[in-house]
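S.K.: predicted structure and sequence below. I'll ask about it afterward.
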Amino acid sequence: MKVLLLLATALTVLTPFASFAQESDTRAEIRELREKLERLERKLAADESVREKKAAEERAAITETVKKDVISEVSAKGQSYFSKLIDQTKIGAYGSMRYGTSNLDDLHNTFTFRRFVMTVDAPIYERLKAYTELEFERFTSLELDKKLTRTSGGGLTSSVAIEGTHNSEISMEQAWMQYDIADWLKFRGGAVLVPLGRFNINHDDNRWDLPRRSLVDRGAPVLPATAAWPELGVGFLGDIPIGNTGKLSYQAYVMNGVALNSEIEQIGQTRAGDTAKLAYEVEIKPNRGTFADDVKKGKSIGSRWAYSPWLGDEIAASFYWGRYTPDFLPNKPVFSVAIDGKKTWGPFEIEGQYVNTQWSGVRGVARGLAQRAIASESEAEIGDVETEVEFELANLASRKQGYWVDFRYRFWPDILSKTILGSHFAIPQLIATFRAEQVWFSGLLKSAAFTDGMLTDFRTESRLLNRFTVGLTYRPVPLVALQLAYEYTRTNQGKSLSSVTNFLPARSGEYFQNAILTGLTFGF
Amino acid sequence: MRALEKWLCLVCLIASLETPLLATAQEGSFLKEEEAPKAVFPEGTSFDRKVIRSTEELKEKIRQRMGKNKTSLWEDSYVTFVAKKGDLVLGYAVIVEEIGKHRPITFVVGIGTDRKIKDAALMIYREAYGGEIRDHRFLQQYKGKELKDPLLPYRDIQNISGATLSVEAIGRGSKKALALVEVVYFEGGERK
């Protein structure tokens, strides 16, 4: 009983103390929770502020972007198609000059500005582009003057005056438009380079390391027309990948094609102890096809197929076929076939080309010309002036064939890197080149004479032309080259080099030439 | 000539069809920005885009690492991507631009964590000639190349005849990408 009383008393006394402690804990808890809440509120407020700031920045960025887009859209709309095209159109050029010495009596030591070619390329629209090359060969100036005036004392006078420079030419080398349908199928139309061999389609002077073009392509042309040789036509080209590293490339065109065409040379001559002479020499020879109305019905075809097993190596075959006679002469075709290639072993390269061209029925063509032109020579003398008109068939052979092969070695001695030759350039190069060339002419037309519509004289000959060249080229940058070369050219002993080349004014019996050439070629 | 006309008609017919074969046409523009990192890191599952601002300090650092290869370093900023497979960083893709002969060439260079080029792909080519630099057989030469390599035609890169300036441009741009990744990601510590 006593125990129960004690417990009851203890409970009664201790209970207020316990409830006071509980209340104190709850208050602390509430305070803590309140503080927590305040911290959370502050954090939320801070986060909100960051979010707002970020959102404001994003809004500003979006506004700025939209503004820029709108401005560019507006300015794009404001920019005319023409001004856009002008912006995208790029003008480039390449050119070359050289200084040459020769043992030939009539060939002076001379500087020659070989050519300056302006290039323009323009992306017309997506997948559509255009490209042109306009050549000025040894060109200085050309002035024309044409007048129609009263003749004093009555009558009218019409006069034409031409002032030009020696051996000059302006020529459209390329002018085409291309539609890239696919990598393997691109349409090209216009003045296109004939894909026969590898030189004609890669003829830019600054790509080559010797200062003179090859005989086969230029100097004693085996190609139906001299390089650079464009024709007006249309066709397709493309690249087809073969395996991981291989590629097949093709070009195929239908073109107006090479045709016999006339070149008229006017000669005014005074002669000691004889009458003055006024002569018109009409030379009929193969020329690139016309860009105007064709002189013949048939069109020509040409195609090149190249296989490159890997980068740096290529082998190709190509052909050209077409009628070369104008409609007033018998229908005769010219057929050319070429094989070319390139092989690279590190700094060594071999590159070459063989071309074989057959001109069908040269004698028949001469006979046809005789019937049409009636006489190859007509002359008359009136008073102190002799007038002569002469027709000549030239540059034809029943077969022409030849090759060139270049052996190149690219190097750069470190010792030159700190000199003026190397210190300013990233990859200067020296290139040693040896080129071997041979051309054979079978049935080369030597002379054809005709009177009263009959062929009275038709003589041909077989000739051989050899040339080797050694050269050293310095390239500070890829598009610029300074060249030094020695070349030895030789034809059949006792014959003149002038009758088989189109650039050597050799006298009769001058059958070989030693020449030293220095060249400068550039592109931009 | 009739046979020729038939052939021409056949070709035109093929050309008029929008077949997959024609979809690979050489348009000049081959890859969009968002497709670029995948082109050089095909195994990548995510690509974090990071734009690196080009400061004078960065330019100087890149210039020092470029050696004799001179480049304009004209960019205000470089678009880069960190390529990852899951959480694993595979490497860095950098979009660069360099002038070929007349016009800029835009391409992407993928650089592995071993500081070597993993792959390169052309994005936009604007020149009239030299489109061969887009060929796989040309670009694969850059695989495994690193900052100390010259990346120059006739030295360690097989040249494309007639497109030497474009070949040089790809070399300069690749070297610029290598230098940028070196400075920003390997030395700068922005690896993720």
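M.R.: Okay, I see it. Numbering: from 1, shown residues only, chains lettered A, B, ... in the order given.
S.K.: okay, CA-based contacts and neighbour counts for the rest of this
M.R.: Noted.
S.K.: strands of chain B, residue ranges please.
M.R.: Listed in chain order, the strands of chain B (DSSP state E) span B:46-53, B:77-85, B:88-99, B:104-112, B:117-124.
S.K.: can you put those strands in JSON lines and add mean pLDDT, distance to A:Ile242 and mean neighbour count?
M.R.: Written out in JSON lines, the entries for those read as follows (pLDDT from 0 to 100; distance: least, C-alpha to C-alpha, whole Å; neighbours: other C-alpha atoms under 10 Å in any protein chain shown):
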{"stretch": "strand B:46-53", "mean pLDDT": "94", "distance to A:Ile242": "32", "mean neighbour count": "15"}
{"stretch": "strand B:77-85", "mean pLDDT": "95", "distance to A:Ile242": "31", "mean neighbour count": "20"}
{"stretch": "strand B:88-99", "mean pLDDT": "95", "distance to A:Ile242": "28", "mean neighbour count": "24"}
{"stretch": "strand B:104-112", "mean pLDDT": "94", "distance to A:Ile242": "24", "mean neighbour count": "26"}
{"stretch": "strand B:117-124", "mean pLDDT": "95", "distance to A:Ile242": "19", "mean neighbour count": "24"}
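S.K.: not counting sequence-adjacent ones, nearest residue to A:Trp229?
M.R.: Leaving aside its chain neighbours, A:Trp229 sits nearest to A:Leu193 (5.8 Å; criterion: C-alpha to C-alpha, 6 or more residues apart in numbering or on different chains).
S.K.: what's the local residue count around that neighbour?
M.R.: 22 (other C-alpha atoms under 10 Å in any protein chain shown).
S.K.: tell me the pLDDT of it.
M.R.: Note for A:Leu193: predicted pLDDT of 98.
S.K.: tell me the bridge partners for it.
M.R.: A:Leu193 forms beta bridges with A:Pro230, as assigned by DSSP bridges.
S.K.: so what are the sheet partners of the strand or helix carrying A:Lys147 and their directions?
M.R.: Element membership for A:Lys147 (DSSP states H and E) is strand A:143-150. The pairing partners recorded for strand A:143-150 under DSSP bridges are strand A:156-163 (antiparallel).
S.K.: give me the next element, helix or strand, following the strand it pairs with.
M.R.: strand A:169-182.
S.K.: pull the CA atoms of that next one into CSV?
M.R.: Extracted in CSV, the C-alpha atoms of strand A:169-182 (Å, rounded to 0.1, in the frame of the first residue of the first chain):
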residue,chain,number,x,y,z
GLU,A,169,46.6,34.8,-131.4
ILE,A,170,43.5,35.2,-129.3
SER,A,171,41.7,31.9,-128.8
MET,A,172,38.8,30.5,-126.9
GLU,A,173,40.3,27.4,-125.2
GLN,A,174,37.3,26.4,-123.2
ALA,A,175,33.8,27.7,-122.6
TRP,A,176,31.4,25.1,-121.2
MET,A,177,28.5,24.6,-118.8
GLN,A,178,28.3,21.5,-116.7
TYR,A,179,25.3,19.9,-114.9
ASP,A,180,26.4,17.5,-112.2
ILE,A,181,23.6,14.9,-112.2
ALA,A,182,25.7,12.5,-110.2
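S.K.: is that strand anywhere near chain B?
M.R.: Yes: Strand A:169-182 reaches chain B (C-alpha under 8 Å from any C-alpha of the partner chain) through A:Asp180, A:Ile181, A:Ala182.
S.K.: CSV for those residues, including pLDDT?
M.R.: Shown next, in CSV, are the residues of strand A:169-182 next to chain B (pLDDT from 0 to 100):
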residue, pLDDT
A:Asp180, 93
A:Ile181, 94
A:Ala182, 92
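S.K.: go through those and say which is closest to chain B.
M.R.: Of all the residues of strand A:169-182 next to chain B, chain B sits closest to A:Ala182, with 3.7 Å by C-alpha to the nearest C-alpha.
S.K.: residues near that closest one, how many?
M.R.: By other C-alpha under 10 Å, 20 other residues sit near A:Ala182.
S.K.: in the sheet, who's paired with it?
M.R.: With DSSP bridges as the criterion, A:Ala182 is bridged to A:Leu185.
S.K.: can you list the residues of chain A near chain B?
M.R.: Contacts of chain A with chain B, taken as C-alpha under 8 Å from any C-alpha, map to A:90, A:121-123, A:126-127, A:129, A:131, A:180-183, A:202, A:207, A:244-246, A:310-312, A:346-347, A:410, A:426-427, A:478, A:524.
S.K.: still on that earlier bit, the residue nearest to A:Trp229 and chain B: what is the separation?
M.R.: Distance, A:Leu193 to chain B, by C-alpha to the nearest C-alpha, to the nearest Å: 15 Å.
S.K.: is it true that that residue touches A:Met172?
M.R.: No: look at A:Leu193 against A:Met172 with C-alpha atoms under 8 Å: they stay out of range, at 10.8 Å.
S.K.: buried ones in stretch A:437-456, by neighbour count?
M.R.: Across stretch A:437-456, burial judged by 16 or more other C-alpha atoms under 10 Å in any protein chain shown covers A:437-446, A:448-451, A:453-455.
S.K.: and if you look at stretch A:492-504?
M.R.: Going by neighbour count (16+ other C-alpha under 10 Å), the buried part of stretch A:492-504 is A:Asn492, A:Lys495, A:Ser496, A:Leu497, A:Ser498, A:Ser499, A:Val500, A:Thr501, A:Leu504.
S.K.: check the offset of that stretch from the chain's centre.
M.R.: What separates the centre of stretch A:492-504 from the centre of its chain is 30 Å, taken as C-alpha atoms, centre = their mean, to the nearest Å.
S.K.: what about that stretch, how long is it end to end?
M.R.: This stretch, stretch A:492-504, spans 15 Å end to end (C-alpha to C-alpha, to the nearest Å).
S.K.: where does pLDDT dip in chain B?
M.R.: Within chain B, the stretches with pLDDT under 70 are B:1-28, B:189-192.
S.K.: distance check, the closest residue to A:Gly246 other than its chain neighbours against A:Ile350.
M.R.: Nearest residue to A:Gly246 in three dimensions, chain neighbours excluded: A:Pro309, at 4.2 Å (C-alpha to C-alpha, 6+ apart). Taking C-alpha to C-alpha as the measure, A:Pro309 falls 16 Å from A:Ile350.
S.K.: try A:Leu520
M.R.: 23 Å.
S.K.: who has more neighbours, the two?
M.R.: Between A:Leu520 and A:Ile350, counting by other C-alpha under 10 Å, A:Leu520 is the more crowded of the two (22 against 18).
S.K.: next up, the contacts around that one.
M.R.: A:Ser96, A:Met97, A:Arg98, A:Pro211, A:Val480, A:Ala481, A:Leu482, A:Gln483 (C-alpha atoms under 8 Å, 6 or more residues apart in numbering or on different chains).
S.K.: what about 6 Å?
M.R.: A:Ser96, A:Met97, A:Ala481, A:Leu482 (C-alpha atoms under 6 Å, 6 or more residues apart in numbering or on different chains).
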